[in-house]
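Show me how the following folds:
(chains A and B)
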Amino acid sequence: MKYKIPTGTKDVLPSDIHKWHHMEDKIRDVMTRFNYREIRTPIFEYTDLFKRGIGEATDVVGKEMYTFLDKGDESLTLRPEMTASVIRSYIENHLGEQQPLNKVYYLGPMFRQERPQKGRLRQFHQFGVEAIGSPHAAQDVETMLVSLTVYEELGLRNLSFKINSVGCRDCRPRYREELVKFLNGIKDRLSEESKNRMASNPLRILDSKNKGDVEATKNAPLMKEFLCDSCAPHFAEVQKKLKDHGIEFQIDGRLVRGLDYYTKTAYEIQSDDLGSQNALGGGGRYDLLCEDLGGKPTPSVGFAAGLERLLIVMESLPDSSIPVSGLDVYFIALGLRAQDALMPQMHAIRRRNLRCDIDFLQRSLKAQMREANRHQAKKVVIVGDQELDAGEAVIKTMETGEQISVPIAQLVEELTRR
RNA sequence: GUGGCUGUAGCUCAGUUGGUUAGAGCGUCAGGUUGUGGCCCUGAAGGCCGGGGGUUCGAGACCCCUCAGUCACCCCA
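So this is what the prediction gives:
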C-alpha cells in the first residue's frame, strides 16, 4: 500500500462517528449547563508561547512538540495543549476587562510527537475548561464537577479521583529544599531519570512509576505537610466542598502532574480500563500563568481530558450505551421511471426532517431490501411498474412486515403522520 | 529515544519437523423466492503470506536487513 496514515494518527470512520458525536454532544451539553462558553483558538501558535507557558523543563516542551519554520522563518508549533493558547487569547482580546470571571471550554485536536501506545496518539483530542479570574476553592470544585458530570452522564463508573495540592511560590521552595535534602540521602537508589530530575524538577520524582523509585521514596516528605497559610486552608476547603457534594476522592500526596504552571490544587481522574496511560483527565489551579504570559495576575483553574481515552472506557462498558439510529424510510425504486417518481417524494420527506435514502445502483428488489435492512430502516417504500401504473406505492413496516398501498401523491402525508 | 510482541483475504485469525493448487469464521455479492430484508441453505468473488535479500531441490514457515502496527518504559490526554 503506497499511502499510509501518519504514525500515531487515526481515522474516525463513518461506522464509528456516532460514538464521537455522542461524546461531543454530551460535553457541549454539560458545558452549557455549567455556563461555560466555547473558545476556539488556532491549531498552531508561535513556539515561544508554549515554551513560556508550559515550561522549558517539561517533557512536552523539551521533546514532544511539533515545531516547524514557516516561509517567513517564524517558528510555529502545533498546540500540545490548550491552556497556554486560551490564556494568550484571554490576554490578547482583553477578556478580563469585560468581565471579572471568564468560564470557557474547548474541544479539539492536540499534537505531541511521542511513541504511540494504548491511549496515546500523536494527534489526539481533548476537551477542557478554564475558569479565569477566581481564586476561590469553590471554583476549583466546579471545574472538577464539570468533568465528573460528563463522565457520570456518559455512564462511566468506578473512576478514581485523586487530588493534591502542589503549593505556591511561597511554600513550594521551602518544601523543595526539604525534598532534595531527603532525596540526596537516598540518591544511589534512584533511577537514572530521577537522578537527572533532581535539579530540574525534583517533585516529579515522587510520581515516578519506577518500582525502585517508589520504594526508595516511600518515606519522602510530602508537599501537603508544608503548605503555607494560603495553600493549606484552600486545600482543606476544596476537600470540604467535595464532601458536601458527596464526591468520593482520594488525597494523593505524590500527585504532581507534568506541567510547570500548576499551583495549589492538582487533580486527576483515572480509570482501570486504560492500561498504562490511566489518566482520563486532569487539571488544577494555575494562579501565576497569566502574569507569566504578560497579563495581569489572574488566578485561574481548569482541566483537560482526553476523548480517545474516554472512548476506550466507553467501549469497555458492559452494554454499549452508545445510541445508534437508523433510517426512517428507505425508498426502493424498481427501474428508472420509478426512481424519477420517487426522488421528489423523498426530497419532500427529507425536508420534513426524516432520514431517508434511495438506491443509486439500480439493483434488484432483494438487494435493495438488504440495503434497507443494513441501514435499519423503519419503513420501506416500494414502487415498480405495477405501482407506477396504478399511481400507488407500497409502504412496508420492517419490524412487522406489514404492507399497505397508498397513492404516490399521499406518500409525504402518510410517512410524516403521527 | 529504548525494549518486548505481532505482520497471511475487507475484518478476526488457523496454517504440523520446510513439501503439491494457502484455509476457516465474519463481511461482501449472487442464487434458493419472475417483485420482498433479518434466520437458514448453496455458491462466487476476494491473497505479490508487509517489503528486500539469503539458506535450500523446494520458504507463508528458517536466517539477516527494513518498514509498519501494537504494548511497555519516560511522560501525559
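
How about the stretch 201-350 of chain A: which residue is closest to RNA strand B?
At 0.5 Å from RNA strand B, residue A:258 is the closest residue in the stretch 201-350 of chain A, using CB to the nearest atom of the strand. Where you see a C-beta, it was placed from the backbone N, CA and C, and this is true even at glycine.

Is that residue in a helix, a strand, or coil?
What DSSP: H, G, I helix; E, B strand; the rest coil gives for residue A:258 is coil.

Burial check on it, number of neighbours?
Residue A:258 has 15 neighbouring residues, counting by other CB atoms under 10 Å.

For residue A:203, see how far away it is.
Relative to residue A:203, residue A:258 is positioned 10 Å away (CB to CB, to the nearest Å).

again, but for residue A:101
29 Å.

Neighbour count for those two, which is higher?
The neighbour comparison of residue A:101 against residue A:203 (other CB under 10 Å) goes to residue A:203, with 18 against 13.

For the more buried one, which non-adjacent residue is spatially closest?
Leaving out its chain neighbours, the residue that sits closest to residue A:203 by CB to CB, 6 or more residues apart in numbering is residue A:256, at 4.8 Å.

Residue A:168 too?
residue A:263 (4.7 Å).

shouldn't residue A:101 be in contact with residue A:132?
Yes: Residue A:101 is in contact with residue A:132 according to CB atoms under 8 Å; the separation is 7.1 Å.

so where is the stretch 201-350 of chain A shaky, pLDDT-wise?
In the predicted model, the stretch 201-350 of chain A carries pLDDT under 70 at residues A:318-320.

Which residues of the stretch 51-200 of chain A lie near RNA strand B?
A:58-60, A:81, A:112, A:114-121, A:124, A:126, A:193, A:197 (CB under 7 Å from any atom of the strand).

And the helix or strand containing residue A:147, how far out from the chain middle?
In the assignment (DSSP states H and E), residue A:147 maps to helix A:137-153. Its chain's C-alpha centre and that of helix A:137-153 lie 14 Å apart, by CA atoms, centre = their mean, to the nearest Å.

Convert it to PDB, retaining C-alpha atoms only.
Taking C-alpha atoms only, helix A:137-153 is exported to PDB below (Å, rounded to 0.1, in the frame of the first residue of the first chain):
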ATOM      1  CA  ALA A 137     -11.800  26.900  46.200                       C
ATOM      2  CA  ALA A 138     -15.500  26.700  45.000                       C
ATOM      3  CA  GLN A 139     -14.200  27.400  41.500                       C
ATOM      4  CA  ASP A 140     -11.700  24.600  41.700                       C
ATOM      5  CA  VAL A 141     -14.500  22.300  42.800                       C
ATOM      6  CA  GLU A 142     -16.800  23.500  40.000                       C
ATOM      7  CA  THR A 143     -14.300  22.500  37.300                       C
ATOM      8  CA  MET A 144     -14.000  19.100  38.900                       C
ATOM      9  CA  LEU A 145     -17.700  18.800  38.900                       C
ATOM     10  CA  VAL A 146     -17.800  19.600  35.200                       C
ATOM     11  CA  SER A 147     -15.600  16.700  34.200                       C
ATOM     12  CA  LEU A 148     -17.100  14.300  36.700                       C
ATOM     13  CA  THR A 149     -20.600  15.100  35.400                       C
ATOM     14  CA  VAL A 150     -19.600  14.400  31.800                       C
ATOM     15  CA  TYR A 151     -18.300  11.000  32.800                       C
ATOM     16  CA  GLU A 152     -21.200  10.300  35.000                       C
ATOM     17  CA  GLU A 153     -23.800  11.100  32.300                       C
END
